[in-house]
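**Student:** coords please:
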Amino acid sequence: MAEHEETLTTVLMGSGLPKMAARVLTCLFTTDAGSLTASQLAQRLKVSPASISKAIAFLQSQSLVRRERDERRRDRHIVDDELFYQATIASARSNDQLVETARQGVAILGPRTPAATRPENIARFLDFISDSITRAAEQARQVLHTNPETISNDTAPPGPPHR
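**Tutor:** Down below sits the predicted model:
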């Protein structure tokens, strides 16, 4: 289990997450409940509450975790299937600002000038990618809410082959 957690943390860091955010996300992913309080996270990871707070704030800003109050009025930090979908959509939408800025650059540099070609191509590329990611996430959303044990190979939604 510890080896898998270390591998998952490393992969998450490779995708751009800061180390502590990756450790917190790994900890949440590998609990049966998918939720822990800040003090539980600090205890499990043997770090300060301030480190947890900073990591949670980052993860929330990326739509990777959400916070809920439990019956004892404690904040619980949660990962669930819907958050992964939301994070994917948020990532695709973050490109929209870059597309808009690139298109503003085209207007400033003058349409059909060599200097405007780069930002226009970047805008068209990112627009296409964002649309594709959004469409794919919408189509695949049902996968997040399906119990893997109930899917046979004949009824599995399209996707990459399992390795």
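
**Student:** can I assume Leu31 sits in a helix?
**Tutor:** Slight slip there: residue 31 is Thr, not Leu. No: under DSSP: H, G, I helix; E, B strand; the rest coil, Thr31 sits outside any helix and is assigned coil.

**Student:** The residue nearest to the spatial centre of the chain: what's it in contact with?
**Tutor:** Nearest residue to the geometric centre of the chain (C-alpha atoms, centre = their mean): Ala87, 3.9 Å. Ala87 makes contact with Gln62, Ser63, Leu64, according to C-beta atoms under 8 Å, 6 or more residues apart in numbering. (C-beta placed from N, C-alpha, C; glycine too.)

**Student:** Can you redo these as TSV, where the extra columns are secondary structure and distance to Arg73?
**Tutor:** Below are the contacts of Ala87 laid out as TSV (DSSP: H, G, I helix; E, B strand; the rest coil; distance: C-beta to C-beta, whole Å):
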residue	secondary structure	distance to Arg73
Gln62	coil	26
Ser63	coil	24
Leu64	coil	24
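
**Student:** now, among those residues, which is nearest to Thr9?
**Tutor:** Proximity of the contacts of Ala87 to Thr9 (C-beta to C-beta) peaks at Leu64, which lies at 13.7 Å.

**Student:** Once you drop chain neighbours, what's closest to the closest one?
**Tutor:** Closest residue to Leu64 apart from its sequence neighbours, by C-beta to C-beta, 6 or more residues apart in numbering: Ala87 at 5.1 Å.

**Student:** All good on my end, thank you.
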